[in-house]
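> Just need the structure, nothing else, for what follows:
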Amino acid sequence: MSTIFTPLIMGTQAFVETYGLMGTFIISVFESFIFPIPTAFFVTPTAAFGVDPFWTALAATIGSIIGAVIGYYLGVHFGKPVAVKLFKQKRMDKVEEWYQKWGEWIVLFAAAGPLPFKITTWSSGIFRLNFKKYMLFCIIGRTFQFFVASYVGSILGPGVIGFFA
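Below you'll find the predicted structure:
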């Protein structure tokens, strides 16, 4: 039975079969500082289509951490003028207040959850969050998110795919 999800499922399956772990790794790098689609949208189906969930999560985590370093340094060197142009100084002042108040907790929440991680990586550089704390919270959050997404994909994914495909 074909559904509206069939093209998406087939496209994802083709991606996984063509690029596998390397594709997940590359997407993870770019998603951390520029790519608009969250990595978890690739991690879960990659594991659902049979790639080992441990290696899927590890590839995504390593790629994402490399991208987090790139995003941080882009924020340090180029971020403020770009951010002010896109979001206006008033909003940037508000975000800076949040960073002064919650700092690395923002990073942990974004790395583990639904906030756009690329905005957090750039912002952390713009506001010069302590790099060691930044990296620690990125590693904790991204590891958590990708291992959960990967194992959920491997456990529940085949049934979901079979239902919608």
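
> Could I get the contacting residues of G75?
T121, W122, S123, S124, G125, I126, F127 (CB atoms under 8 Å, 6 or more residues apart in numbering). Using the backbone N, CA and C atoms, a C-beta is placed for each residue, glycine as well.

> all helices for the protein, in order.
Assigned by DSSP state H, the helices in the chain fall at 6-31, 40-48, 53-74, 80-102, 104-112, 117-126, 131-164.

> What is the least confident helix or strand in the protein?
helix 80-102 (a mean of 76; mean pLDDT, DSSP states H and E).

> just checking, what packs against that one?
helix 117-126 (3 or more CB pairs under 8 Å, 6 or more residues apart in numbering; DSSP states H and E).

> tilt between the helix it packs on and helix 104-112?
Relative orientation of helix 117-126 versus helix 104-112 (axes from the mean of the first three to the mean of the last three CA atoms, to 10 degrees): 150 degrees.

> Tabulate the contacts of G75 in TSV, adding columns for pLDDT and distance to F42.
Shown next, in TSV, are these (pLDDT from 0 to 100; distance: CB to CB, whole Å):
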residue	pLDDT	distance to F42
T121	92	18
W122	88	21
S123	89	24
S124	93	23
G125	93	25
I126	90	27
F127	90	29
